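> Let me see the structure of the following:
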Amino acid sequence: MAARRQSFWPWIGGYETAGVCKQIYARVGRGAVAVFDVDDNEALHRILNEWADIIPAGFDVYPLVDVEATRKMLAAQVAANQTP
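Have a look, this model is predicted:
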């Protein structure tokens with residue numbers, strides 16, 4: 001299994017080179033934390049399935065929102081609540 005786990009790093013390196021994997025960190029013990037920038041759920045589904053084919057894993061997925069988009073959304077909500 002150790003040899004198979006070693007194949008993970010060249011595999012994820014391809015996604016880093018393509019700009020899809022923005023950050024990857026190995027965790028203490030086993031595991032990793034990655035930040036992906038994907039176009040849609042299907043792209044993320046494909047990546048996570050590839051990952052699980054290399055190293056059987058469970059995943060916690062936290063969708064992130066662009067900070068500027070969040071600011072605009074909150075400003076719009078405040079503006080909508082201030083109209084008489």
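> Which neighbouring elements make contact with the host helix or strand of Val35?
Assessed by DSSP states H and E, Val35 sits inside strand 32-36. Applying 3 or more Cβ pairs under 8 Å, 6 or more residues apart in numbering; DSSP states H and E, one finds that strand 32-36 makes contact with helix 8-17, strand 21-26. C-beta here means a position set from N, CA and C on the backbone, and glycine is covered the same way.
> for the shortest one, which positions count as buried?
It refers to strand 21-26. Within strand 21-26, the residues that count as buried by 16 or more other Cβ atoms under 10 Å are 21, 24.
> give me the number of residues near Ala75?
Here the number of neighbours of Ala75 (other Cβ atoms under 10 Å) works out to 10.
> Can you give the strand pairings for the strand holding Val35, parallel or anti for each?
Note on strand 32-36: by DSSP bridges, its sheet partners are strand 21-26 (antiparallel).
> which residues are in contact with the strand holding Val35?
Contacting residues not belonging to strand 32-36 are listed as 8, 12, 15, 20-27, 44, 47, 64 [Cβ atoms under 8 Å, 6 or more residues apart in numbering].
> So which bits of that strand are buried?
By neighbour count on 16+ other Cβ under 10 Å, the buried set for strand 32-36 is 34, 36.
> Check stretch 14-22 too.
15, 20-21.
> got the helices and strands packed on strand 32-36 as TSV, with distance to Ala79 and mean pLDDT columns?
Output for those, formatted as TSV (distance: least, Cβ to Cβ, whole Å; pLDDT from 0 to 100):
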stretch	distance to Ala79	mean pLDDT
helix 8-17	39	96
strand 21-26	32	96
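> Let's have these in JSON lines, adding distance to Asn81.
Output for the helices and strands packed on strand 32-36, formatted as JSON lines (distance: least, Cβ to Cβ, whole Å):
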{"stretch": "helix 8-17", "distance to Asn81": "41"}
{"stretch": "strand 21-26", "distance to Asn81": "34"}
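> Which one of the ones you listed lies nearest to Met73?
Smallest distance to Met73 across the helices and strands packed on strand 32-36 (Cβ to Cβ): 22.0 Å, for strand 21-26.
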